[in-house]
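Peer 1: please work out how this folds:
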Amino acid sequence: MLSIIKNSLISLYHKLISSIAFYPSIILLGFMLLVGFMLSIEDNSSTKWLIENAPYLVINNADTARSILSTMIGGLISLMVFSFSMVMMLLNQASSNFSPRLLPGLISDKRNQFVLGIYLGTIVYNIIVLMTVLPDGNEYTLNGFSILVGMILGMSCLIAFIYFIHTVSSGIQINNILKSIFSTTKKRLLHVLEQEKQTTQSDVSNDGWQTIKSTDAGYYQGVNLEGLLDICQEKEINLKVFPSNGDYLLPNVNLFAISKKLDEDEIKVFSSYFIFADSREISENYTIGIKQITEVGIKAMSPGINDPGTAVITIDYLTELLALRMKLGEIEIYQKDNENFTVQLCPKSFDDLIYELLAAYRQYCKHDMVLMDKLVSMLNYLLKQPATDDSYHETLRNQVKIICEDIENYVSNSSDRKRLSAQIQQ
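Peer 2: I've put the predicted structure just below:
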């Protein structure tokens, strides 16, 4: 039961931190604590000290203070609405021109969330300070120091707005988007490669294992690996996961297998370590990054966009990522330090990955000489790279044959066909 609760909390945590409102809420809470602290230390002596040492910083007229704070609050609300209206417009443009699958990554940009938090926090801070400007007899009590801080925060929002314009204008550029996806995907591949080097790659026999089937439908997005390794060691069990990250599972299909018979309650505990969600971070699944780069390249070759330059960039990035993927095995085996029991994960096979990738490119690029030449160059390069499995090179050779067939059928110019054929023979 404790394991199930723990996994539910972990799942809730991932949902919270992936929300666009998470970081702004944390920053807003920080500003509320700040205004509470400022008002708690505010007294006549602190304001008097400020008047004596920096009188030009103190507003000693209640109407002026109210006017400034009210203007800042109204201006910041307008600025916030304008800023994020622009974000929505740019996101719509990115969805139309590039790929809708890029939106989660763009929306979750921490820089934009930071600016939103600064706006909200400053608005709430100034509203609370404005509420403290209260009449006391025939006079108003003024928290001079808190008002000064509110003015400074309001002006800092203008700096944050300039920063916001810079990040949005640069973040929406396709070159920067592709570079970000590529860097994150490459980092994940290198991490998996390092994990593989530290683990003994010996496939455990599945004879006599108990196979557990899925009970609900949904997108499988991985497992809580650390927790799963701990419970496998505790129960002295080897475990093998059947689906690949991102697969849509229907009810009553194989989910995982275990090397020992368990009762229903124990199986529920193991099942609670499996993560089902609509989306997942690229940093946790390199296949998502490869698919997103592919989708951008395919969208660039659509008749409405017609941007072969972007498609060429995507092929360059995919070439490097696939070369790294060739260094990985077809299964990922994880174990705790100096322990005997393992968890086997099954990533998308190299054959399926490259077939789906190239099938999409061939469909939309088969009439374009430059892109077909680029695909041939990619395959030639990959054939010369080291691979953990000889079947990878056989898969690549099969793809070369398929491309040859497309060249013969769809490239009409004889000179182009001759050039591509010479490139293939290299």
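Peer 1: phi and psi next, for Ala21.
Peer 2: Dihedral pair for Ala21: phi -90, psi 0, per degrees, to the nearest 10.
Peer 1: give me the distance between it and Ser156.
Peer 2: Here Ala21 is placed at a distance of 22 Å from Ser156 (CB to CB, to the nearest Å). For every residue, glycine as well, the C-beta is placed using N, CA and C.
Peer 1: next one: Ile298
Peer 2: Look at Ile298 and Ser156: by CB to CB, they are 43 Å apart.
Peer 1: those two: who's more crowded?
Peer 2: Between Ile298 and Ser156, Ile298 has the larger neighbour count (other CB atoms under 10 Å), namely 19 against 12.
Peer 1: which is the next helix or strand following the host helix or strand of that one?
Peer 2: Here Ile298 sits within helix 286-300, counting by DSSP states H and E. Using DSSP H and E, the helix or strand that directly follows helix 286-300 along the chain is helix 308-325.
Peer 1: pull the distance from that following helix to the chain's centre.
Peer 2: Put simply, helix 308-325 sits 19 Å off its chain's centre (CA atoms, centre = their mean, to the nearest Å).
Peer 1: what segments of the stretch 1-150 of the chain are strands?
Peer 2: Assigned strands in the stretch 1-150 of the chain, in chain order: 134-136, 139-141 (criterion: DSSP state E, counting those that start in this stretch).
Peer 1: domain ranges for this protein?
Peer 2: As given by automatic domain parsing, the domain ranges for the chain are 2-172, 179-425.
Peer 1: hey, least reliable of those by pLDDT?
Peer 2: Sorting the domains of the chain by mean pLDDT places domain 2-172 lowest, at a mean of 79.
Peer 1: so which bits of stretch 419-426 are buried?
Peer 2: By neighbour count on 16 or more other CB atoms under 10 Å, the buried set for stretch 419-426 is Arg419, Leu420, Gln423, Ile424.
Peer 1: quick one: which helix or strand includes the second one?
Peer 2: Just to be clear, that refers to Leu420. For Leu420, the host element (DSSP H and E) is helix 414-425.
Peer 1: how far is that helix from where the chain is centred?
Peer 2: With CA atoms, centre = their mean as the basis, helix 414-425 stands 40 Å off its chain's centre.
Peer 1: state the distance from Asp109 to Leu102.
Peer 2: In terms of CB to CB, Asp109 sits 11 Å off from Leu102.
Peer 1: the two: which is more packed in?
Peer 2: Higher neighbour count among Asp109 and Leu102: Leu102, with 22 against 16, using other CB under 10 Å.
Peer 1: how distant is the helix or strand containing Val168 from the center of its chain?
Peer 2: Assigned by DSSP H and E, Val168 belongs to helix 144-171. On the basis of CA atoms, centre = their mean, helix 144-171 sits 27 Å off its chain's mean C-alpha point.
Peer 1: and the next element down the chain from it?
Peer 2: Taking DSSP H and E, what comes next after helix 144-171 is helix 174-197.
Peer 1: what are the buried residues along the next helix or strand after that following helix?
Peer 2: As assigned by DSSP H and E, the chain's next helix or strand after helix 174-197 is strand 210-213. Within strand 210-213, the residues scored as buried using 16+ other CB under 10 Å are Ile212.
Peer 1: and strand 210-213, what does it pack against?
Peer 2: The contact analysis (3 or more CB pairs under 8 Å, 6 or more residues apart in numbering; DSSP states H and E) places strand 210-213 against strand 254-258, helix 264-271.
Peer 1: so can I have JSON lines of those showing mean neighbour count and distance to Ile293?
Peer 2: Shown next, in JSON lines, are these (neighbours: other CB atoms under 10 Å; distance: least, CB to CB, whole Å):
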{"stretch": "strand 254-258", "mean neighbour count": "19", "distance to Ile293": "29"}
{"stretch": "helix 264-271", "mean neighbour count": "14", "distance to Ile293": "33"}
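Peer 1: next, format these as TSV and append distance to Asp368.
Peer 2: TSV is the format used below for the helices and strands packed on strand 210-213 (distance: least, CB to CB, whole Å):
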stretch	distance to Asp368
strand 254-258	41
helix 264-271	47
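Peer 1: out of the ones you listed, the one nearest Ile27 is which?
Peer 2: Among the helices and strands packed on strand 210-213, helix 264-271 comes nearest to Ile27, with 36.7 Å by CB to CB.
Peer 1: packing partners for that closest one?
Peer 2: Applying 3+ CB pairs under 8 Å, 6+ apart, one finds that helix 264-271 makes contact with helix 2-17, strand 210-213, helix 225-235, strand 254-258.
Peer 1: paired strands for the helix or strand just after it, with orientation please.
Peer 2: Counting by DSSP H and E, the next helix or strand C-terminal to helix 264-271 is strand 274-276. Using DSSP bridges, strand 274-276 pairs in its sheet with strand 218-223 (antiparallel).
Peer 1: as PDB, could you dump the C-alpha coordinates of the strand it pairs with?
Peer 2: Provided in PDB are the C-alpha atoms of strand 218-223 (Å, rounded to 0.1, in the frame of the first residue of the first chain):
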ATOM      1  CA  GLY A 218      -3.300   4.500 -22.300                       C
ATOM      2  CA  TYR A 219       0.000   5.700 -23.500                       C
ATOM      3  CA  TYR A 220       2.900   3.900 -21.700                       C
ATOM      4  CA  GLN A 221       5.500   6.400 -20.800                       C
ATOM      5  CA  GLY A 222       8.100   4.400 -18.800                       C
ATOM      6  CA  VAL A 223       8.500   3.200 -15.300                       C
END
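Peer 1: and the angle for that strand with strand 254-258?
Peer 2: Here strand 218-223 points in a direction 30 degrees away from that of strand 254-258 (axes from the mean of the first three to the mean of the last three CA atoms, to 10 degrees).
Peer 1: how close does Tyr410 get to Leu371?
Peer 2: For Tyr410, the distance to Leu371 - CB to CB - is 12 Å.
Peer 1: same check, this time on Ser169
Peer 2: Ser169 sits 29 Å away from Leu371, going by CB to CB.
Peer 1: and these two? Which one has more around it.
Peer 2: Taking neighbours as other CB under 10 Å, Ser169 and Leu371 compare with Leu371 leading, 21 against 12.
Peer 1: could you find the closest non-adjacent residue to that one?
Peer 2: Cys365 (3.9 Å; CB to CB, 6 or more residues apart in numbering).
Peer 1: got the contact list for the one you found?
Peer 2: Counting by CB atoms under 8 Å, 6 or more residues apart in numbering, Cys365 touches Met301, Ala311, Leu371, Met372, Leu375.
Peer 1: burial count for the last one?
Peer 2: The number of residues packed around Leu375, counting by other CB under 10 Å, is 26.
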